[in-house]
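let me see the structure of the following:
(one chain, ligands or ions: 1)
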Amino acid sequence: MTVPSRASATAEPGYRPTLVEPGLVQLANNEVPDGPLPGAARALAAATTGVHRYPDPAAARLVDRLADHLAVAAGRVVVGDGSVSLCQQVLQALCGPGDEVVAGSPSFELYPVLSRAAGAVPRAVALTGGHVLDLDAMTAAVTPATRVVFLCNPNNPTGTTVDRADLDRFLDRVPDRVLVVLDEAYRDFVDDRAVPDGVDLARSHGNVAVLRTFSKGYGLAGLRVGYGVFPVPVADAVRRLALPYAVNALAQTAALASLDAGDELRDRCRRIGRERDRVRAELVRAGFAVPPSQANFLWLPVGDRAEALSAHCWRHGVLVRAFPGLGVRVSVGTPAENDAFLRLVRAPESPPD
Ligand code: PMP
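Predicted structure coming up:
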């Protein structure tokens, strides 16, 4: 006799991150190649002596600093141990059995996993032929049972974006009782001015939330800290569903210092954006129909060849992420790392048997 698990806990395969192997070129997880911002690294080193104490459970300094930085009331800001934790807390706060959650497909893989874990039913809406979130189809997928819509902008794994006019039209058509979560994990890399700032939309709409993270542009993936801006009642519920001390002391320190390093962040993200555009141009020249990306990764829509291509890269020491049957996502690394990837995709060997 074994102890039974709740069906929703075992039905999902769960999140399967690419196994990180030392010594390989890591272009699978959308991290930046260059570590924390220099100011954050210095603050972290100084903070390690204090880790025998529990951190501030409310992360009050960080919340206040974010509220200031984003020009929103502190009561709307919630921090979490990664924005993924905030995704989970939102779903737990808003959804119960039979409720529905709409998201693009492919989009961030955890939306359906966490929706099911919360007892809700994920509704996946295919992207357009241009690999962009299909806002008309997503509007049509909203039913009386819909509680949350996730809009990942730029979208992971395609890097594509929806612009302000289309998003405004979408928000006009979605009922106010549905929370629209704009997941802006990759916002720091956006250089197209047509892409709206989600926080502006959260200010003007009572049913819009924004999620962001220190894992990507800020280079703090290993510390696990993200934040969200929510309507006040949702923020209160999301905050209550956090574990105590969820954001650890080093994460709070590094995040605060990172917010003081806006110029360093901008320079870094501009450089990564230029490198992204160079790699895309090379891939297009090599015959891959890579859509324009506003994130720190690119999407190769190679369909059935996805797994063979990623296995080929892996055998030659480069880790990328395969989405079986759909494509391969490659993060922007250093120029040398990107060149190693480009050499491999330009000279594919015969697929493995
Ligand atoms: N949203 C998106 C779209 C992501 O790609 C990721 C990480 N891959 C996250 C949220 C979660 O990021 P984190 O938990 O590291 O803040």
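
give me the pLDDT for residue 292.
With respect to pLDDT, residue 292 scores 98.

got the residues of this protein near the ligand?
Residues of the chain lying close to the ligand by Cβ under 6 Å from any ligand atom are 30, 82-84, 108, 152, 156, 183, 185, 213, 215, 221, 226. Where you see a C-beta, it was placed from the backbone N, CA and C, and this is true even at glycine.

mind checking which of those are in helices?
Those of the residues of the chain next to the ligand mapping onto helices are 83, 84, per DSSP state H.

among the residues of the chain next to the ligand, who's most crowded?
For those, the largest neighbour count, defined by other Cβ atoms under 10 Å, is 28 neighbours, found at residue 183.

how about that residue, what does it touch?
83, 87, 108, 150, 151, 152, 153, 211 (Cβ atoms under 8 Å, 6 or more residues apart in numbering).

off-centre distance for the host helix or strand of residue 313?
If you go by DSSP states H and E, residue 313 is part of helix 306-315. How far helix 306-315 lies from its chain's middle: 23 Å, per Cα atoms, centre = their mean, to the nearest Å.

mean confidence score for the helix or strand following it?
Once the chain leaves helix 306-315, the next helix or strand it forms, by DSSP H and E, is strand 318-319. Mean per-residue pLDDT for strand 318-319: 97.

still on that earlier bit, let's see which of the residues of the chain next to the ligand end up in strands.
152, 183, 213, 226 (DSSP state E).

so can I have a markdown table of those residues showing distance to residue 170 and pLDDT?
Below are these laid out as a markdown table (distance: Cβ to Cβ, whole Å; pLDDT from 0 to 100):
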| residue | distance to residue 170 | pLDDT |
| --- | --- | --- |
| 152 | 13 | 98 |
| 183 | 15 | 98 |
| 213 | 23 | 98 |
| 226 | 24 | 98 |
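
ok, for the residue of the chain found nearest the ligand, nearest residue in space, not its chain neighbours?
The chain approaches the ligand most closely through residue 82 (2.6 Å), counting by Cβ to the nearest ligand atom. Distance criterion Cβ to Cβ, 6 or more residues apart in numbering; nearest residue to residue 82, sequence neighbours excluded, is residue 224 at 4.5 Å.

surely that neighbour touches residue 252?
No - between residue 224 and residue 252 there is no contact under Cβ atoms under 8 Å: 11.1 Å.

check the gap between the residue of the chain closest to the ligand and residue 296 for me.
17 Å (Cβ to Cβ, to the nearest Å).

tell me where this protein has strands.
Going by DSSP E, the chain shows strands at 25-26, 77-80, 100-105, 121-126, 146-152, 179-183, 208-213, 226-229, 297-300, 318-319, 321-323, 327-331.

dump these to JSON lines, plus distance to residue 61.
Below are these laid out as JSON lines (distance: least, Cβ to Cβ, whole Å):
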{"stretch": "strand 25-26", "distance to residue 61": "32"}
{"stretch": "strand 77-80", "distance to residue 61": "11"}
{"stretch": "strand 100-105", "distance to residue 61": "33"}
{"stretch": "strand 121-126", "distance to residue 61": "36"}
{"stretch": "strand 146-152", "distance to residue 61": "29"}
{"stretch": "strand 179-183", "distance to residue 61": "25"}
{"stretch": "strand 208-213", "distance to residue 61": "18"}
{"stretch": "strand 226-229", "distance to residue 61": "13"}
{"stretch": "strand 297-300", "distance to residue 61": "32"}
{"stretch": "strand 318-319", "distance to residue 61": "36"}
{"stretch": "strand 321-323", "distance to residue 61": "35"}
{"stretch": "strand 327-331", "distance to residue 61": "31"}
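
ok, which of the ones you listed comes nearest residue 241?
Judged by Cβ to Cβ, the one of the strands of the chain that comes nearest to residue 241 is strand 77-80, at 9.6 Å.

pull up the pairing partners for that closest one, direction included.
Looking at strand 77-80 with DSSP bridges, its partner strands are strand 226-229 (antiparallel).

how distant is the strand it pairs with from the center of its chain?
12 Å.

and stretch 194-205, by the same measure?
That offset, for stretch 194-205, works out to 17 Å (Cα atoms, centre = their mean).

what's in contact with that stretch?
Contacts of stretch 194-205 (Cβ under 8 Å, 6+ apart): 70-72, 76, 153-154, 161-164, 167-168, 171, 180, 182, 184, 187, 208-210, 229-230, 294.
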